[in-house]
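Engineer: next input, structure requested:
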Amino acid sequence: MIRHTKRFDATRILSHLGQLILAVSLMSSGCVNGWAHESADTDADLYAVFGVEGGDIWAVGSAGTVLVRRDTHWIPLDSGVETDLKGVWGTGPEHVVVVGDECTALEYNGEPEPDPDTGEVPPDLRPLEVEGCPDFLAVDGVSPTDANAIGSSHIYWYNGSSISRGGWHAENLLGLHTTSSDDRHLCASQGLYKHYDGNEWKGYHISNCPVALVDGKCPMDEEKPILWDVWAGKSGKGGLVGNSGGIWLLPPPEGDAKWSMIPTDISSDLRAIAGWQKSDGQVEMFAVGDGGVVYKIVDGKAKRQNVDISENLHGVWVSEDGTHVFAVGDNGKILHLIQ
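Structural biologist: The predicted structure is shown next:
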């Protein structure tokens with residue numbers, strides 16, 4: 001009689017064990033459908049988030065709050081200011097620019113050295129020289145010496161050491177994205193979107209009918225939405241977000257074609273948008289907004305994400321390969337999706 005014994009595949013057992021540990025970890029961190037809630041031990045409102053080369057993720061917010069995520073932990077830095085910080089962008093672990101209210105423009109260049117005379121350690125970020133005195137809303141760029149910031153109706157230029165005032169635009173600028181030195185995007189109040197192609201700025205206007213169309217026409221004066229943010233890939237495909245749950249796709253329609261809004265199931269504002277470009281030129285985007293709303297935008301359709309929060313979300317960032325998504329909002333709320 002031959003006795004059969006059962007073999008145990010150690011590799012398979014370890015694989016299942018690893019999956020179980022990951023699942024338990026995600027559940028304990030507050031993961032909902034892939035979205036994990038991360039803690040930075042702060043109740044400050046967070047307005048912007050950005051990832052730099054080298055893996056660090058930066059978030060900025062109210063009362064001078066600056067956070068950096070290193071090795072899965074969020075660490076507070078001393079900004080040296082108490083103003084609300086609205087924008088963050090950088091090119092590496094030791095080059096990050098932060099902007100905010102009351103002319104605030106700061107730069108991080110690595111851990112500061114103590115004063116040789118007093119031994120006192122200065123703030124982690126140093127102030128930049130600014131021409132004019134705006135409330136900055138955003139900053140974005142392409143290199144350590146070529147970036148833009150926006151404040152009120154002006155676009156500002158960062159040259160690596162200071163920020164100077166550039167061109168004036170007709171509306172209050174609210175959103176900014178820079179794909180390359182010859183491809184810059186702005187959005188503003190009154191439905192204004194502007195694109196710089198390396199030679200000039202070209203403007204477009206979005207308008208929406210507040211009621212149902214009659215015989216294909218709007219029976220009332222069309223409304224011009226507030227456009228809070230813009231993002232585009234190198235292919236030119238991207239999106240804009242605004243009030244009343246508005247999402248519009250880039251590039252703009254050609255000729256006299258109407259710029260249609262992607263349907264969503266909300267009437268609250270969408271505050272930020274970001275995405276990544278696939279190898280075939282298509283883009284995948286995420287939009288966030290009031291009431292903890294998150295949408296994933298693929299193939300021209302917006303799908304609501306289940307993130308199980310009610311706090312307003314103000315900022316979102318997506319890694320270049322689309323594997324990581326971070327969103328930030330009120331009361332120190334931080335969401336992280338691994339795709």
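
Engineer: now do the nearest residue to residue 54 once chain neighbours are set aside against residue 109, distance only.
Structural biologist: Closest residue in space to residue 54, ignoring its immediate chain neighbours: residue 93 at 4.2 Å, by C-beta to C-beta, 6 or more residues apart in numbering. For the C-beta atoms, the positions are set from N, CA and C on the backbone; glycine is no exception. Residue 93 sits 10 Å away from residue 109, going by C-beta to C-beta, to the nearest Å.

Engineer: give me the more crowded residue out of these two.
Structural biologist: Higher neighbour count among residue 93 and residue 109: residue 93, with 15 against 11, using other C-beta atoms under 10 Å.

Engineer: for stretch 84-99, measure first residue to last.
Structural biologist: One end of stretch 84-99 to the other measures 9 Å (C-alpha to C-alpha, to the nearest Å).

Engineer: all helices of the stretch 201-339 of the chain, in order?
Structural biologist: Per DSSP state H, counting those that start in this stretch, the stretch 201-339 of the chain carries no helices over any range.

Engineer: ranges for the strands of it?
Structural biologist: 201-205, 227-232, 238-242, 247-250, 270-277, 283-289, 293-298, 301-304, 313-318, 324-329, 334-338 (DSSP state E, counting those that start in this stretch).

Engineer: what bits of this structure have low per-residue confidence?
Structural biologist: Scanning the chain for pLDDT under 70 picks out 1-33.

Engineer: where do the helices sit along the stretch 1-150 of the chain?
Structural biologist: Counting by DSSP H, counting those that start in this stretch, the stretch 1-150 of the chain has helices at residues 10-28.

Engineer: return the residues in contact with residue 248.
Structural biologist: By C-beta atoms under 8 Å, 6 or more residues apart in numbering, the contact set of residue 248 is 206, 239-242, 259-262.

Engineer: and with 10 Å instead?
Structural biologist: Residues near residue 248 by C-beta atoms under 10 Å, 6 or more residues apart in numbering: 187, 191, 193, 204, 206, 208, 225, 227, 230, 238-242, 259-262.

Engineer: again, but for residue 122
Structural biologist: Taking C-beta under 10 Å, 6+ apart as the contact definition, residue 122 lies against 78, 80, 112-115.

Engineer: can we see that at 8 Å?
Structural biologist: Residue 122 neighbours (C-beta under 8 Å, 6+ apart): 80, 112, 115.

Engineer: out of those, which is nearest to residue 63?
Structural biologist: Among those, residue 80 lies closest to residue 63 (C-beta to C-beta), at 12.2 Å.

Engineer: surely that closest one and residue 112 touch.
Structural biologist: No. Residue 80 lies out of contact with residue 112 (C-beta atoms under 8 Å); the separation is 10.0 Å.

Engineer: circling back to that earlier point, from residue 70, how far off is the residue nearest to residue 54?
Structural biologist: 9 Å.

Engineer: joint contacts of these two?
Structural biologist: In contact with both residue 93 and residue 70: 55-56, using C-beta under 8 Å, 6+ apart.

Engineer: between the helix or strand containing residue 193 and strand 238-242, how many degrees?
Structural biologist: Per DSSP states H and E, residue 193 falls inside strand 192-196. Calculated by axes from the mean of the first three to the mean of the last three C-alpha atoms, to 10 degrees, strand 192-196 forms an angle of 150 degrees with strand 238-242.

Engineer: okay, now the sheet partners of strand 192-196, with direction.
Structural biologist: Note on strand 192-196: by DSSP bridges, its sheet partners are strand 183-188 (antiparallel), strand 201-205 (antiparallel).
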